[in-house]
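Undergrad: What follows is a predicted protein model with its sequence.
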Amino acid sequence: MKKDDNLPHIWVVTENLRGTQNQCVGVAENLGFPYTIKTIGLKQPWKGLSPYLGFENSASFSGDPLTAPWPDIVIASGRKSIAACRYIARKSKGKTFICYIQDPRVSSSAFDLIALPKHDPSRGEKILVTTATPNRITDEKLAEGREEFPEFAELPSPRLAVLIGGASSAYNFSMETAQTLVENLKAVKKKTNGSLLITASRRTPPKIFSFLKEELSGENTYFWDETGDNPYFGFLGWGDYIFVTSDSASMLSEAATTGKPVYLIPLDAKSTKKNRLNQLQENLVEHGAVRNFEGLLENWSYTRLNDAQAVAEEIKKRLPERLSQSSNR
């Protein structure tokens, strides 16, 4: 986004991780100020040091340069960005408002605002609790997705957008689970005379990806194979129902921000112990956004999430006071 000298300028500072970057960009877009994306890494020895130590300096970082003029606002997420937040705050002499998305698991003193999803346990005066994770989904994005992929309008309704993740620290994706998913999707497509819009993830095991593509491709199905433009926003825009695997906080949050019925696709938990994703799923079920699929499509409504807007509004509320404090230092 172009810089306008009359408006506050934002740096979005993250590692090279699409999910965390999208959370920060979603907040930046809701603020409506010009922003620059800074993708950073850490050099040795800082890469291997605990983020608690705070020894970072100009030689600590790889990736995009972190140099003056310093931004008015930083929106950051990811472990490596913690050092960058402290560095920018110090170099700007405290004039930069620092917002961190998710739990930094370090002292909150380095930040002006920490936006934590409800399923994270930390609380405090600098913390804003969101229902799920901030994201880029808005009415405008959904409309853009429909406009960019008008061919999906030709597919029969109901259109099922199927967002498939993969193996993670908390979940496996077994062939048995893939077979159950295929059977359910084929059955509901046949029963409703509807269509499928399917996308997988970089974490989807190759064997599972090939199986799903072979079994589900065909008439009235669009299976994105990572060639051509990414139809993700088109899927969310045109989908009447959204099916999401249980491994992805980002996709679950994005789906629940559309206001459309969301069904959970359970993957294979590695442990019987409840984890943060389980808590997120329960929160979204309690909110009314998500249900377990039991063979029949249901219609229901709920208050759509808008966590990115909530974070943006909190930044706007706190920013004038924060800038006033820094100008008096």
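TA: Nice, I can see it.
Undergrad: So, low pLDDT: which residues of the protein?
TA: Regions of the chain meeting the criterion pLDDT under 70 cover residues 1-5, 50-52, 123, 322-329.
Undergrad: all helices for it, in order.
TA: With DSSP state H as the criterion, the chain has helices at 18-31, 79-91, 139-148, 175-192, 206-216, 232-238, 249-257, 276-287, 307-327.
Undergrad: For residue 164, find the nearest of those helices.
TA: Among the helices of the chain, helix 206-216 comes nearest to residue 164, with 7.0 Å by CB to CB. In short, each C-beta sits where N, CA and C put it, glycine included.
Undergrad: how much does the closest one deviate in direction from helix 175-192?
TA: 20 degrees (axes from the mean of the first three to the mean of the last three CA atoms, to 10 degrees).
Undergrad: Give me the distance between helix 206-216 and the centre of its chain.
TA: 25 Å (CA atoms, centre = their mean, to the nearest Å).
Undergrad: Report the buried residues of that helix.
TA: By 16 or more other CB atoms under 10 Å, the buried positions in helix 206-216 come out as 208-209, 211-212, 215-216.
Undergrad: deepest of the helices of the chain, which one?
TA: Comparing the helices of the chain by mean neighbour count (mean count of other CB atoms under 10 Å), helix 249-257 ranks first with a mean of 27.
Undergrad: CA atoms of that one as PDB?
TA: Extracted C-alpha coordinates of helix 249-257, given in PDB (Å, rounded to 0.1, in the frame of the first residue of the first chain):
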ATOM      1  CA  ALA A 249      -6.900 -22.000  13.600                       C
ATOM      2  CA  SER A 250      -6.500 -19.600  10.700                       C
ATOM      3  CA  MET A 251      -8.900 -21.300   8.300                       C
ATOM      4  CA  LEU A 252     -11.500 -21.900  11.100                       C
ATOM      5  CA  SER A 253     -11.300 -18.200  12.100                       C
ATOM      6  CA  GLU A 254     -11.600 -17.100   8.400                       C
ATOM      7  CA  ALA A 255     -14.500 -19.400   7.800                       C
ATOM      8  CA  ALA A 256     -16.300 -18.100  10.900                       C
ATOM      9  CA  THR A 257     -15.800 -14.500   9.800                       C
END
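Undergrad: From the chain's centroid, how far away is that helix?
TA: Between the centre of helix 249-257 and the centre of its chain there are 7 Å (CA atoms, centre = their mean).
Undergrad: So which residues make contact with it?
TA: Residues outside helix 249-257 that contact it (CB atoms under 8 Å, 6 or more residues apart in numbering) are 19, 22-23, 117, 131-137, 163, 165, 236, 242, 244-246, 262, 264, 276-277, 280-281, 284, 287, 289-290, 304-307.
Undergrad: before we move on, what about stretch 99-106?
TA: With contacts defined as CB under 8 Å, 6+ apart, stretch 99-106 is touched by 20, 23-24, 27, 51-52, 73-77, 81-82, 85, 110-117, 120-122, 133-134, 311, 315.
Undergrad: rerun at 7 Å
TA: 23-24, 51-52, 73-77, 82, 85, 111-116, 120, 122, 134, 315 (CB atoms under 7 Å, 6 or more residues apart in numbering).
Undergrad: about what we covered before: list just the one of the helices of the chain that sits closest to residue 198.
TA: helix 206-216 (6.1 Å).
Undergrad: What are the structural domain limits within this protein?
TA: 10-131+308-327, 139-292 (automatic domain parsing).
Undergrad: so which of the ones you listed gets nearest residue 300?
TA: domain 139-292 (5.7 Å).
Undergrad: how long is that closest one end to end?
TA: The straight-line separation of the ends of domain 139-292 (CA to CA, to the nearest Å) is 25 Å.
Undergrad: likewise stretch 89-105?
TA: Termini of stretch 89-105 sit 18 Å apart (CA to CA).
Undergrad: Going by neighbour count, list what's buried in that stretch.
TA: Buried residues in stretch 89-105, counted by 16+ other CB under 10 Å: 89, 91-92, 94-102, 104.
Undergrad: Show the buried residues in the contacts of stretch 99-106.
TA: 23-24, 51, 73-77, 82, 85, 111-116, 120, 134, 315.
Undergrad: bridging residues for residue 35?
TA: Judged by DSSP bridges, the bridge partners of residue 35 are residue 10.
Undergrad: That one against residue 24, yeah?
TA: No - judged on CB atoms under 7 Å, residue 35 makes no contact with residue 24 at a distance of 8.9 Å.
Undergrad: Common neighbours of those two, please.
TA: residue 12.
Undergrad: how close does the residue nearest to the spatial centre of the chain sit to residue 101?
TA: By CA atoms, centre = their mean, the chain has its centre lying nearest to residue 250, at 3.6 Å. Residue 250 sits 11 Å away from residue 101, taking CB to CB, to the nearest Å as the criterion.
Undergrad: ditto for residue 206
TA: Using CB to CB, we find residue 206 at a distance of 31 Å from residue 101.
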